[in-house]
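**Student:** can't give you the sequence, but here's the structure:
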C-alpha cells in the first residue's frame, strides 16, 4: 500500500533525492555503445513508397500479430469518445508516419459510461479505421481518470509477448508526435532495459490527497520551501510530463503486475470526485503524469525495480507558440517554441486544426506563417476545413499559406 510520507528522525535531508535517481538529458544518447541509428527517410504520406501491409487492428491484435508486422513501438493516444475531430486530425497528420517506422498507433477509449448513441457511432468509426484500442471495463467521459491511464498501461502489457515491442508510448490527443525522431532516439537507447523518456521535471506526491507538492525543474528546492515533508508528501522524484511518456517494456510489465499500483488505483476510484473535477477543473488537478512517476520511483526505492534510467528531452518536447516574441507571456519561454522538424513532441494543440497546420510545416509543405498560425489556433474544430484537407496542397492554398513543396 502506498502511504503518506513520514520523515525520518532528524527530518528530510535536502539534496538527497538526486543521489537516488539516474537522470540524463540529451547526452544520454551516448549511453549505449552502439553506432547512432540513421533515421529512416521521411516519405510524404499517400505516396507509393509508404504503401505497406495494413497495420494490425488496434482492438484485436495480440503480441503475435504485432511481431508479424514488425511493430517495435506501441503508441497510445488517450482520447475521449466525443473527440472524433481530434482523432481525425491525428489521422490526417502524424499518424501517416506509423507504417514506415515500426509503430502501431492506437486511440485509447473506455466503453463504460459512454452514451449508447455515441458508442454506436464510435464502434462504426473503430470498424472503419481499425485504430481504436478499447478498454472494455474503463469509464470514459469529460475528465481523464487515474483508472484510464492505468488501464492503458495494463492493457498494453498484454501486447508485449511474444511480440518484439520494446517501448510503449502514451501521448495526449493534443500532442503532435514526431515519430521518426522518437524512433531515432529510442533506437539509440535500445541498450537501456528500464527506460523512462520524455520531457521531465521533479515533484513530491501525497498518495492519499492525490496532490503533488514542490514541483521543480531541478530537484527538491521547492519541496523544502513549501514544507511538503511535514504535510505527508513523499520526497521529490523525477517524472515525465503527460504530453509524451515512453516506457521500456519491463517498466510496463511492472505497472501491470504491481499490487501496490493496483490498490492505489482502486482507492482513487472512490476517493476522487471526477464529476466535480469535470465541472470545475480548477478545483483540483489529478496530475496523472506525476502519479506515474510516483509509482515507478516507489518501486525503485523499495527495490522492486532495478535502477530506472530517466531521459529528459525538454528542449525537444515543448508547447506550440505561433509567435516566439509572445513567449514572455508564459512563465518559462523554453517550454514554448515554433513548429520545428527537430522536435519530438509539439504539445498543447487545443484546436484540432493545429495538428494539420503543424504537419504541413514540419513536412515542408508550407512555411510557418504567424498570422495563419494564430487564426487556425483560434478555430474550435476541423469540421469546416475537412473538405479542403485532401490533398494537403489544396488545403494549404485554401487557407492562404505559401506552399514550399520541399521534402524534409
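**Tutor:** Looks like it arrived, so ask away. Because the structure is a prediction, the values reported are computed rather than measured. Numbering: from 1, shown residues only.
**Student:** all contacts plus neighbour counts: C-alpha atoms, from now on.
**Tutor:** Will do.
**Student:** Now stretch 113-130: buried residues?
**Tutor:** 114, 119, 122-123, 126, 130 (16 or more other Cα atoms under 10 Å).
**Student:** Determine which residue lies closest to the centroid of this structure.
**Tutor:** residue 171 (2.2 Å; Cα atoms, centre = their mean).
**Student:** mind listing the helices for the stretch 151-300 of the chain?
**Tutor:** With DSSP state H, counting those that start in this stretch as the criterion, the stretch 151-300 of the chain has helices at 179-188, 221-225, 249-257, 259-271, 274-279, 288-301.
**Student:** thinking again about what came up before, hang on, the residue nearest to the centre of the chain packs against residue 90?
**Tutor:** No: counting by Cα atoms under 8 Å, residue 171 stays clear of residue 90, with 11.5 Å between them.
**Student:** Please name the nearest non-neighbouring residue to residue 73.
**Tutor:** Nearest non-adjacent residue to residue 73, counting by Cα to Cα, 6 or more residues apart in numbering: residue 103, 4.6 Å away.
**Student:** what's in contact with stretch 98-106?
**Tutor:** Where contact means Cα atoms under 8 Å, 6 or more residues apart in numbering, the residues beyond stretch 98-106 that reach it are 40, 50-52, 55-56, 58, 70-77, 95, 131-133, 179-180, 183.
**Student:** Just the ones of those in strands?
**Tutor:** The members of the contacts of stretch 98-106 that map onto strands under DSSP state E are 73-77, 132-133.
**Student:** Redo those residues as JSON lines? Include pLDDT and distance to residue 216.
**Tutor:** Shown next, in JSON lines, are these (pLDDT from 0 to 100; distance: Cα to Cα, whole Å):
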{"residue": "73", "pLDDT": "95", "distance to residue 216": "30"}
{"residue": "74", "pLDDT": "96", "distance to residue 216": "30"}
{"residue": "75", "pLDDT": "97", "distance to residue 216": "28"}
{"residue": "76", "pLDDT": "97", "distance to residue 216": "27"}
{"residue": "77", "pLDDT": "97", "distance to residue 216": "27"}
{"residue": "132", "pLDDT": "97", "distance to residue 216": "35"}
{"residue": "133", "pLDDT": "96", "distance to residue 216": "34"}
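**Student:** ok, back up a step: for the residue nearest to the centre of the chain, give its distance to residue 210.
**Tutor:** Separation of residue 171 from residue 210 (Cα to Cα, to the nearest Å) stands at 21 Å.
**Student:** do the same with residue 118
**Tutor:** 31 Å.
**Student:** pLDDT weak spots in the stretch 51-200 of the chain?
**Tutor:** For the stretch 51-200 of the chain, residues meeting the criterion pLDDT under 70 lie at 51-53.
**Student:** so where do the strands sit in it?
**Tutor:** 73-78, 103-112, 132-139, 167-172, 176-177, 195-198, 200-206 (DSSP state E, counting those that start in this stretch).
**Student:** now the ones you listed in CSV, with distance to residue 254?
**Tutor:** As requested, these are arranged in CSV below (distance: least, Cα to Cα, whole Å):
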stretch, distance to residue 254
strand 73-78, 17
strand 103-112, 20
strand 132-139, 19
strand 167-172, 13
strand 176-177, 25
strand 195-198, 12
strand 200-206, 20
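**Student:** Out of these, indicate the one that is most buried.
**Tutor:** Each of the strands of the stretch 51-200 of the chain was scored by mean neighbour count; the highest is strand 176-177, a mean of 30, by mean count of other Cα atoms under 10 Å.
**Student:** Just checking: what are the partner strands of that one?
**Tutor:** Applying DSSP bridges to the sheet, strand 176-177 is found paired with strand 345-347 (antiparallel).
**Student:** What's the first helix or strand after the strand it pairs with?
**Tutor:** Once strand 345-347 ends, the next helix or strand along the chain (criterion: DSSP states H and E) is helix 353-362.
**Student:** Could you name the helices and strands sitting against that next one?
**Tutor:** Here helix 353-362 touches helix 84-91, helix 370-377, going by 3 or more Cα pairs under 8 Å, 6 or more residues apart in numbering; DSSP states H and E.
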